[in-house]
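Undergrad: Sequence first, predicted model second:
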Amino acid sequence: MVSPADAERLKRAAAAAAVEEVRDGMVVGLGTGSTAAYVVALLAPRVVGGLDITAVPTSRATEAAAQAAGIPLAAPDELAAIDLCIDGVDEIDPQLRAIKGGGGAMLLEKIVATLARRNIAIADASKQVERLGGRAVPIEILPAARGLVATEIARLGGTAELRLRDGKPWVTDWGHHILDARFPSLDDPMALARTLFAIPGALGHGLFLTEIDALYVAASGGVSRQERPIDE
């Protein structure tokens with residue numbers, strides 16, 4: 001069992017390895033969450049030292065952290081492409097298919113990931129799994145679609161729970177709600193992704209199945225890198 005202190009140390013180690021790919025002149029997508037926060041912290045002194053980059057944050061929290069660190073920012077709507085995106089994952093399998101969205105920012109994370117020419121996932125070893133499905137699949141929804149989306153999830157054999165914060169519905173940066181959906185199995189995550197996209201009012205989900213190009217994972221023995229299998 002990894003202690004909280006060791007988990008944070010491993011997250012930072014994975015982030016430190018990933019930011020070595022950041023080069024002068026890049027546009028860099030910045031993820032959301034505790035692991036991605038280390039990316040901002042590690043890039044800050046390099047920017048102060050003269051590294052010329054522009055960052056694209058995936059949440060207001062990341063935007064605030066990057067601004068405080070003095071990292072120049074751009075909005076994704078201003079861009080046709082991003083050079084590199086670095087973000088954490090909640091769960092990732094050997095094919096680099098992942099579940100994301102624990103921080104509630106998966107909709108903009110997916111937009112930025114799609115714009116990026118290269119996506120890097122960073123994680124500690126506890127996030128690696130043989131099969132996806134141990135974590136819920138977050139689904140960002142219009143509040144008015146809650147009943148419809150929950151019913152469709154039930155028809156797929158799953159269950160949906162409204163994510164709460166302080167006893168009230170979690171509200172995303174865009175004013176939406178989140179359903180955390182669990183399924184008996186994720187044998188065909190690609191088919192599930194297509195089905196979720198087709199539900200009216202389901203705006204985005206946390207299945208990142210083709211976006212991730214490389215994984216930096218930190219364990220007690222150090223940090224390793226895995227590239228997406230060639231046949232994927």
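TA: Thanks, I have the structure now.

Undergrad: Kindly state the domain boundaries assigned to this protein.
TA: Domain ranges of the chain: 4-130+209-221, 137-201, per automatic domain parsing.

Undergrad: Out of these, which one sits most buried?
TA: Greatest average neighbour count among the domains of the chain goes to domain 4-130+209-221 (a mean of 19), per mean count of other CB atoms under 10 Å. For every residue, glycine as well, the C-beta is placed using N, CA and C.

Undergrad: Now do that one: distance to the chain's middle.
TA: 8 Å (CA atoms, centre = their mean, to the nearest Å).

Undergrad: Just the mean pLDDT for that domain, thanks.
TA: Domain 4-130+209-221 comes out with an average pLDDT of 96.

Undergrad: From one end of it to the other, what's the distance?
TA: Domain 4-130+209-221 has an end-to-end distance of 17 Å (CA to CA, to the nearest Å).

Undergrad: any idea how far the residue most central in space within the chain lies from Val22?
TA: Nearest residue to the geometric centre of the chain (CA atoms, centre = their mean): Lys100, 4.5 Å. Per CB to CB, to the nearest Å, Lys100 is found 20 Å from Val22.

Undergrad: Can you add distance to Ile230 and give the domains of the chain back as TSV?
TA: As requested, the domains of the chain are exported to TSV (distance: least, CB to CB, whole Å):
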stretch	distance to Ile230
domain 4-130+209-221	11
domain 137-201	18
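
Undergrad: What's the mean pLDDT across stretch 154-167?
TA: 97.

Undergrad: starting at the chain centroid, how far to it?
TA: 20 Å.

Undergrad: ok, and what's touching it?
TA: 104, 136, 138-139, 146, 149-150, 153, 169-171, 177-184, 192, 195 (CB atoms under 8 Å, 6 or more residues apart in numbering).

Undergrad: for the longest strand belonging to the chain, packing partners?
TA: Counting by DSSP state E, the longest strand found in the chain is strand 116-124. Helices and strands touching strand 116-124, by 3 or more CB pairs under 8 Å, 6 or more residues apart in numbering; DSSP states H and E, are helix 4-19, helix 34-48, strand 82-88, strand 214-219.

Undergrad: Make CSV from the ones you listed and add distance to Ala68 to it.
TA: Converted to CSV, the helices and strands packed on strand 116-124 look like this (distance: least, CB to CB, whole Å):
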stretch, distance to Ala68
helix 4-19, 17
helix 34-48, 9
strand 82-88, 18
strand 214-219, 25
